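A.B. asks: Mind folding the following:
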Amino acid sequence: MSEYTTAFATGSLMPERSAQIVEELRQGTPPDEIDPSIFDINSWQGQRRKVAEIKRRLSNADRSVWEDLPELPKQERALVIYYCCLNTYPLLFDFHMEAVLPTWRSADRSFEAHDVRRFLEQQAETHPEIEGWGESTWQKVRRVMLQMLREAGLLWEDELRQVDHPESFWSRFVEVGDLWFLEAAFLNEEQRRATARSIQQ
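C.D. replies: Modelled structure (predicted):
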């Protein structure tokens, strides 16, 4: 069982900064030489932490999924980064698959801070590291989790919703064998099958 960390709370999805880093990588800049000052915050340590987390997220997904990030529309860009985050942080993956997705499948698709807290309290039974969090960490983790869902377009005014992107967008996940993400992004079975068929043609 993977230990839960709160590293993702360093920043939410950061799609614009992620696109800048992808552009640097495409131009041949080695990952270790990317300038953290692209983040206009005062703390050098804060800049470094955010850049490190973005690079970590990208490294946990196939390059073909995110290589065109600078050219994508804002909403698609954010959803690609959300996918990278699910691949990077076990806590986020479990949260999405065990709390968010079941809520989407239910009759009531409202999703709020108390739903996040209930999930975390349940997970604390098998993840004692959660018990070591202070109240400020609890609040920050809940806030960032909800913010990520909003930025990815999956949560709007406390209601889960499906996003509308072209089939060509979804195919990138199928091509790397991650059909599960289409279901995670609330595509129905017919939509998932259509995307899979388009790859085979």
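
A.B. asks: wait, isn't Leu146 in contact with Leu155?
C.D. replies: Yes - look at Leu146 against Leu155 with CB atoms under 8 Å: they come within range, at 6.7 Å. Placement of C-beta: from N, CA and C, glycine included.

A.B. asks: More neighbours: which of these two?
C.D. replies: The residue with more neighbours, out of Leu146 and Leu155, is Leu155; 21 against 18, by other CB atoms under 10 Å.

A.B. asks: quick one, what contacts the nearest residue to that one once chain neighbours are set aside?
C.D. replies: Counting by CB to CB, 6 or more residues apart in numbering, the nearest residue to Leu155 once its immediate chain neighbours are dropped is Leu149, at 3.8 Å. Neighbouring residues of Leu149 by CB atoms under 8 Å, 6 or more residues apart in numbering: Tyr82, Val100, Phe111, Leu155, Leu160.

A.B. asks: which among those residues gets closest to Glu131?
C.D. replies: Closest approach to Glu131 among these (CB to CB): Val100, at 23.0 Å.

A.B. asks: What separation do you get for that closest one and Ala124?
C.D. replies: 18 Å (CB to CB, to the nearest Å).

A.B. asks: What of Thr29?
C.D. replies: 41 Å.

A.B. asks: go on, Ser37?
C.D. replies: Counting by CB to CB - Ser37 and Ala124 are separated by 38 Å.

A.B. asks: between these two, which one's more packed in?
C.D. replies: Ala124 (15 against 11).

A.B. asks: Can you get me a residue count around the spatially closest residue to Ser198 that is not a sequence neighbour?
C.D. replies: Nearest residue to Ser198 in three dimensions, chain neighbours excluded: Glu167, at 5.6 Å (CB to CB, 6+ apart). Glu167 sits with 13 neighbouring residues when counted by other CB under 10 Å.

A.B. asks: so the residue positioned nearest the centre of the chain is in which element?
C.D. replies: The geometric centre of the chain, computed from its C-alpha atoms, lies nearest to Tyr82 (CA atoms, centre = their mean), at 2.0 Å. Here Tyr82 sits within helix 74-88, counting by DSSP states H and E.

A.B. asks: following that helix, which helix or strand shows up next?
C.D. replies: Taking DSSP H and E, what comes next after helix 74-88 is helix 90-95.

A.B. asks: Summarise which helices and strands that next one is packed against.
C.D. replies: Packing contacts for helix 90-95, counted by 3 or more CB pairs under 8 Å, 6 or more residues apart in numbering; DSSP states H and E, involve helix 74-88, helix 113-123, helix 135-151.
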